[in-house]
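Colleague: okay, here's the prediction I keep looking at, along with the sequence it came from:
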Amino acid sequence: MAGSEQLSQMSGQMSTEMTRTSLNLIPEAPAETMVNLAVTAEELGFGRCWVYDEGLATRDVYVTMTAILLATSRLEVGPGITNAYTRHPGQTAAAIASLDEMSNGRAFLGLGAGGSLTLDPLAISRDRPLETVRQAIAACRNLFAGETVDMEGPGFSLRSARLEYSRPGIQIWLAGRGPKMLDLGGAVADGVLLDFIHKPSLGTYVERIRRGSERTGNQPEICYSTMIVTDERSLEAVRPHMTYRLVDSPPDVREALGIEDADVVAIRSAMADGLEAAARLVPDEWVLPFVVSGTVEECSIELGQLIETHGISEFKIPVYDVDNGCELLEVTAQVMEQ
């Protein structure tokens, strides 16, 4: 092996070993199945479990998180992500504070504007998403701190609202893609989640977070999430979940991939018959630029370089195929230990 290649591999190994590993569960299966996966992750050394809040598309996020927290002892658990449109931020803060109290401080909050998979079936549109998320973060942070909150937001309001039982400092993470949303995350959130970002654009996304943090002096963590694809099965597991991500991707990313407006319309229409139906419209060349693929060793090297280059403190693996979820978690642990 050439010297530069050896240094590159060593850098990747050191980066993955020093980065926290987490998993993301989408509760399309009963809570017992989610619990089994979370317990396996904890046994493998994973530090955090994020649980999707996808409205009618999945089991309830708070029921699922409660079951996971009761079955684990170290794993931190939070919604990955919830939003301020389907759930009032005051009720969200109360739910997270209750989970945190129950678990001796193992709860966190992940917030975002919500995507088409969650909002479309409920006929909810994202009205002023940046301001809505900004005020949701402020409301939850102040409620966690025990303050009395009065707020008139674009989609919700609070009047003399107060939590008497919360722990100050519960972490609030923001997930987003747009430049203003990422800037907001850098400026005010404890961490920013970059979920299935077009890999050639990852540096641009991180820079937007850094600019926001420099403006306020905030120092957010960065969590990077994507699928590790080591075989055809893992590729097929992620393909349906690229559907809503692709249609919600920024115009410049769609242009780089060659996705036309007609493709977006076709995918959105097909999603009415389920993600599997829409996935038939998503070719490999639209998936691979978003995932880490290859052998375990190749994935470890690529992921390590991404972590090292962009200052990522946490890597999160999504578990879509629950029947083979434990195997995916084991592969991820191997990638992070290489």
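Modeller: Structure's in. What do you need?
Colleague: least confident secondary structure element in this protein?
Modeller: Ranking every helix and strand in the chain by mean pLDDT, DSSP states H and E puts helix 3-18 at the bottom, with a mean of 47.
Colleague: note down every partner strand of the helix or strand following it and its orientation.
Modeller: Using DSSP states H and E, the helix or strand that follows helix 3-18 in sequence is strand 20-25. Strand 20-25 pairs in its sheet with strand 48-51 (parallel), strand 314-319 (parallel), by DSSP bridges.
Colleague: what's the longest one in contact with?
Modeller: Contact with strand 314-319 is made by 16, 19-26, 37, 47-48, 50, 80, 191, 193, 195, 221-228, 238, 241, 303, 307, 325, 328-329, 332, 336, as judged by C-beta atoms under 8 Å, 6 or more residues apart in numbering. (Each C-beta comes from the backbone N, C-alpha and C, glycine too.)
Colleague: picking up where we left off before, mind putting the strands paired with strand 20-25 into TSV with mean neighbour count, mean pLDDT and distance to residue 139?
Modeller: TSV is the format used below for the strands paired with strand 20-25 (neighbours: other C-beta atoms under 10 Å; pLDDT from 0 to 100; distance: least, C-beta to C-beta, whole Å):
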stretch	mean neighbour count	mean pLDDT	distance to residue 139
strand 48-51	28	98	21
strand 314-319	23	98	25
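Colleague: what about the helices in the stretch 1-150 of the chain?
Modeller: Ranges of helices in the stretch 1-150 of the chain, per DSSP state H, counting those that start in this stretch, are 3-18, 31-43, 61-71, 89-102, 116-119, 129-144.
Colleague: out of the ones you listed, the one nearest residue 291 is which?
Modeller: For the helices of the stretch 1-150 of the chain, the distance to residue 291 is smallest for helix 3-18, at 16.1 Å, taking C-beta to C-beta.
Colleague: all strands for the protein, in order.
Modeller: Assigned strands in the chain, in chain order: 20-25, 48-51, 76-79, 82-83, 109-112, 149-152, 157-161, 172-175, 191-195, 221-225, 228-229, 292-293, 314-319 (criterion: DSSP state E).
Colleague: as TSV, those strands with distance to residue 126 would be great.
Modeller: Compiled in TSV, the strands of the chain are given as follows (distance: least, C-beta to C-beta, whole Å):
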stretch	distance to residue 126
strand 20-25	22
strand 48-51	21
strand 76-79	17
strand 82-83	8
strand 109-112	10
strand 149-152	18
strand 157-161	18
strand 172-175	14
strand 191-195	17
strand 221-225	21
strand 228-229	30
strand 292-293	29
strand 314-319	22
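Colleague: and the residue nearest to residue 192 when sequence neighbours are not counted, how many neighbours?
Modeller: Nearest residue to residue 192 in three dimensions, chain neighbours excluded: residue 185, at 3.8 Å (C-beta to C-beta, 6 or more residues apart in numbering). Residue 185: 30 surrounding residues under other C-beta atoms under 10 Å.
Colleague: touching, residue 185 and residue 220? I think so.
Modeller: Yes: between residue 185 and residue 220 there is a contact under C-beta atoms under 8 Å: 6.4 Å.
Colleague: nearest residue to residue 92 other than its sequence neighbours?
Modeller: Spatial nearest neighbour of residue 92, chain neighbours left out: residue 82 (5.9 Å); criterion: C-beta to C-beta, 6+ apart.
Colleague: same deal with residue 218?
Modeller: Closest residue to residue 218 in three dimensions, ignoring its sequence neighbours and counting by C-beta to C-beta, 6+ apart: residue 187, at 5.7 Å.
Colleague: how about the one you found, what does it touch?
Modeller: Counting by C-beta under 8 Å, 6+ apart, residue 187 makes contact with 212-213, 215-216, 218.
Colleague: most surrounded residue in those?
Modeller: Most neighbours among the contacts of residue 187, by other C-beta under 10 Å: residue 212, with 24 neighbours.
Colleague: which pLDDT value does the model give the residue nearest to it when sequence neighbours are not counted?
Modeller: Using C-beta to C-beta, 6+ apart and skipping the chain neighbours, the partner closest in space to residue 212 is residue 186 (2.7 Å). For residue 186, the model assigns a pLDDT of 98.
Colleague: quick one: residues contacting residue 186.
Modeller: Contacts here follow C-beta under 8 Å, 6+ apart; on that basis residue 186 touches 192, 208-216, 218, 220.
Colleague: phi and psi next, for residue 178.
Modeller: Backbone torsions of residue 178, given as degrees, to the nearest 10, read phi -70, psi 150.
Colleague: tell me how many other residues crowd the nearest residue to it once chain neighbours are set aside.
Modeller: Distance criterion C-beta to C-beta, 6+ apart; nearest residue to residue 178, sequence neighbours excluded, is residue 250 at 7.0 Å. By other C-beta under 10 Å, 14 other residues sit near residue 250.
Colleague: then the one 5 residues further on?
Modeller: Residues contacting residue 255 under the criterion other C-beta under 10 Å number 11.
Colleague: if I look at it, how far off is residue 264?
Modeller: Noted for residue 255: a distance of 12 Å to residue 264, by C-beta to C-beta, to the nearest Å.
Colleague: quick one: closest of the strands of the chain to residue 60.
Modeller: Nearest of the strands of the chain (C-beta to C-beta): strand 48-51, 9.8 Å.
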